[in-house]
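Visitor: Build the 3D model from these lines:
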Amino acid sequence: MLLYFIIGAVAIAVEQSSVGQVAKQGWEFYAITFSLFVVFAFPGFVYRYLWHKP
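Guide: Numbers count the residues shown, from 1 in each chain. Model (predicted):
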């Protein structure tokens, strides 16, 4: 979860520096991005913690 917030802060900083104005987002945006973050992180979690080598 910490990585989600770090990446979000970096994205806001990049958007502010390149465009000059940060677009306002609603709760739906954060719900979708968090869900995608969890879905794409799941294979790494499985490989690290659940994949037991014989």
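Visitor: need the longest helix for this protein.
Guide: The longest helix of the chain (DSSP state H) is helix 27-45.
Visitor: Report the residue spans of the chain with pLDDT below the cut-off.
Guide: Low-confidence segments of the chain (pLDDT under 70): 54.
Visitor: List the contacts of the longest helix of the chain.
Guide: 4, 7-8 (Cβ atoms under 8 Å, 6 or more residues apart in numbering). C-beta: built from backbone N, CA, C; applies to glycine.
Visitor: how about TSV for those, with distance to Phe37, neighbour count and secondary structure added?
Guide: TSV is the format used below for the contacts of helix 27-45 (distance: Cβ to Cβ, whole Å; neighbours: other Cβ atoms under 10 Å; DSSP: H, G, I helix; E, B strand; the rest coil):
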residue	distance to Phe37	neighbour count	secondary structure
Tyr4	5	14	helix
Ile7	8	12	helix
Gly8	9	14	helix
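Visitor: ok, the residues you listed vs His52, which is closest?
Guide: Proximity to His52 was ranked across the contacts of helix 27-45 by Cβ to Cβ; first place goes to Tyr4, at 27.3 Å.
Visitor: How much space separates the closest one from Ala41?
Guide: 9 Å (Cβ to Cβ, to the nearest Å).
Visitor: Compute the number of surrounding residues for Phe5.
Guide: 9 (other Cβ atoms under 10 Å).
Visitor: distance of it from Val39?
Guide: Counting by Cβ to Cβ, the gap from Phe5 to Val39 is 18 Å.
Visitor: And for Ile32?
Guide: 11 Å.
Visitor: Same check on Glu28?
Guide: 16 Å.
Visitor: Repeat that for Leu50.
Guide: 16 Å.
Visitor: next one: Tyr30
Guide: For Tyr30, the distance to Val39 - Cβ to Cβ - is 15 Å.
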